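**Q** I would like to see how this sequence folds:
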Amino acid sequence: MFDLAIIGAGPAGASAALFAAKAGKNVVFFDHDKSITSKAWVENHYGVEGIKGPDLLNTGQKQAVEHGAQLVKTEVSSMEQTDSGYSIKTNEGKFEAQHILFATGMSTKLAEAFELNVVDGTEPRVAKIIQTNEEGRTEKPGVWAAGTVAGVSVHTIITAGDGARVAVNIISELNGKRYVDHDILK
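**A** Numbering: from 1, shown residues only. From the prediction side, this is the model:
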């Protein structure tokens, strides 16, 4: 069983996968290769020179995998609550996880099918978002949302930061104490 399953491998999802995997959590994240970042040219991502969106996506996903996250290139078709967490169904099989993080960009389709509370979007061109509290939690236990689908701006730096923020909250809950990740120069 995975500690965390992340639906989406764009800036929010890959950032969350990176933080959780680096914290020693057993993480799987799913990429259906439809991220809006895949069509972007990015010049406003702090610390990164102008970069093609696909290159930014590949770099973020690679970082998460290098820290132990498992990237599955498939679309999540459905999920259901189980006694120990959640079962996620894909064309690649079933995956069991204690926590789920929706990082599905501008799409709430899967969240609606899973009967999460979805409300009108707050950002331009974002029709609907998943309703969360200030920590990124939805109304279902162990189900979270981050990035554009949770109501933050579509800018890659903002969604990546939100994915990391929510991941820290999930890691903290799993650890039973507040988690901080801070490396120092060697």
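**Q** Need the contact partners of stretch 117-127.
**A** 106, 108, 111-112, 128-131, 138-139, 148, 151-154 (CB atoms under 8 Å, 6 or more residues apart in numbering). Yep, even glycine has a C-beta here, placed from its N, CA and C like the rest.
**Q** which among those residues end up buried?
**A** The neighbour count (16 or more other CB atoms under 10 Å) marks 106, 108, 111, 128-131, 138, 148, 151-154 as buried among those.
**Q** ok, of these, which one's closest to M79?
**A** Relative to M79, the closest of the buried ones among the contacts of stretch 117-127 is A111; by CB to CB it sits at 10.0 Å.
**Q** pull the longest strand from this structure.
**A** strand 93-102 (DSSP state E).
**Q** Can you tell me the centre-most residue of the chain?
**A** Taking CA atoms, centre = their mean, the centroid of the chain lies closest to G13, which sits 2.7 Å from it.
**Q** Assign it to helix, strand or coil.
**A** Using DSSP: H, G, I helix; E, B strand; the rest coil, the structure places G13 in helix.
**Q** that older thread, would you format the buried ones among the contacts of stretch 117-127 as TSV with distance to K89 and secondary structure included?
**A** Converted to TSV, the buried ones among the contacts of stretch 117-127 look like this (distance: CB to CB, whole Å; DSSP: H, G, I helix; E, B strand; the rest coil):
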residue	distance to K89	secondary structure
M106	22	coil
T108	18	coil
A111	15	helix
K128	23	strand
I129	24	strand
I130	19	strand
Q131	24	coil
T138	19	coil
T148	24	helix
G151	27	coil
V152	28	coil
S153	31	coil
V154	28	coil
